[in-house]
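Enquirer: here is the input, now give the coordinates:
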Amino acid sequence: MDTLGLIHTGTALAMLTLVLLELRDPQFRADSFAAGPRRRRNWAFFFTSFIPTMLVQSAAAWFHTHLPTLMRPGTLPPVLDFVACMLVAELVSWTSHWVKHQHPFLWRFHFQHHREEHFSVWMVTHTHALEVVLSGSALVALLAGLGFSPLSVQLYFALYSVVLTYHHSARGYSLGWLDWLIISPAYHRHHHRRVGKGNYGGTLTVWDVVFGTVRWPEPETATAPVGLPPQAREPFGYRKEMLYFLSGWRRQRS
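Expert: Residues are numbered from 1 along each chain as shown. Now for the predicted structure:
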């Protein structure tokens with residue numbers, strides 16, 4: 001198995017382990033297996049989440065082969081190449097996330113991730129496929145165009161995928177002092193609070209600190225309600241959520 005194969009296998013195993021550990025949470029088990037609209041919504045998001053992931057992976061391979069690069073791949077030492085790649089990717093991720101919370105139309109491609117009131121790893125799949133493909137492809141195009149190595153890009157996305165699953169866990173894990181750098185479940189849960197603001201980072205807290213959007217977890221974060229307010233007009237249900245952006249587009253055109 002080549003290096004990229006090992007990365008993908010390790011990523012899948014790490015994410016699977018986190019999901020299996022999540023089964024200790026009774027609410028997660030109910031949302032996964034108890035009959036009802038929440039179970040249907042969760043599994044619909046889960047099965048369709050593979051499509052945009054595969055498209056972005058294919059886009060990354062194409063961009064690294066065909067795009068002209070700002071610097072020749074291999075110019076930087078491997079460790080520096082990865083660190084620089086990660087910081088750039090995290091900056092783009094932070095910016096994209098912040099914009100989606102500020103712009104009403106773009107919010108229609110992101111609210112799905114905040115529609116759920118049960119904080120668990122199911123939220124990782126609650127994304128709009130079109131938004132994932134467009135933003136993911138734009139990011140890999142930028143990273144490839146800057147000249148970061150395919151290995152660094154793949155390592156970043158592997159780390160991003162694992163940390164994304166980790167910090168959406170209902171189990172409240174902590175890495176000790178590393179929580180000041182790597183986004184923890186408590187840190188990201190604060191972002192999902194009904195009255196929460198800030199904490200837009202994807203993997204690291206760095207850019208939240210730089211731009212002043214960091215909100216460190218408080219004792220009440222663990223029990224504060226998450227999701228959208230009860231009076232929210234955003235729909236609940238896979239099909240309705242996927243098509244909700246069309247109503248906003250029609251309103252802007254009229």
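Enquirer: grab the nearest non-local neighbour of the residue nearest the centre of the chain.
Expert: Geometric centre of the chain, nearest residue: Leu164, 5.5 Å, by Cα atoms, centre = their mean. Closest residue to Leu164 apart from its sequence neighbours, by Cβ to Cβ, 6 or more residues apart in numbering: Val124 at 5.6 Å. Any C-beta I mention is one placed from the backbone N, CA and C, and that applies to glycine too.
Enquirer: what do you get for Pro225?
Expert: That would be Arg194: by Cβ to Cβ, 6+ apart, it lies 5.1 Å from Pro225.
Enquirer: which pLDDT value belongs to the one you found?
Expert: Looking at Arg194, its pLDDT reads 89.
Enquirer: and what of Arg251?
Expert: 51.
Enquirer: swap in Ser49?
Expert: What the model reports as pLDDT for Ser49 is 94.
Enquirer: next: Glu220.
Expert: Per the predicted model, pLDDT is 82 at Glu220.
Enquirer: tell me, how many residues neighbour it?
Expert: 9 (other Cβ atoms under 10 Å).
Enquirer: next one: the one 5 residues further on
Expert: The burial metric for Pro225, expressed as a neighbour count using other Cβ under 10 Å, is 14.
Enquirer: that one contacts Glu117, correct?
Expert: Yes - Pro225 lies in contact with Glu117 (Cβ atoms under 8 Å); the separation is 6.8 Å.
Enquirer: helices of the stretch 51-200 of the chain, start to end?
Expert: Secondary structure of the stretch 51-200 of the chain (DSSP state H, counting those that start in this stretch): helices at 78-102, 104-107, 129-146, 150-166, 185-192.
Enquirer: CA atoms only for the second one, dumped as CSV, please.
Expert: Spelled out, that is helix 104-107. Extracted in CSV, the C-alpha atoms of helix 104-107 (Å, rounded to 0.1, in the frame of the first residue of the first chain):
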residue,chain,number,x,y,z
PRO,A,104,-28.1,35.3,4.3
PHE,A,105,-28.1,33.5,1.0
LEU,A,106,-24.9,31.5,1.8
TRP,A,107,-26.4,30.6,5.2
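Enquirer: this completes my enquiry, with thanks.
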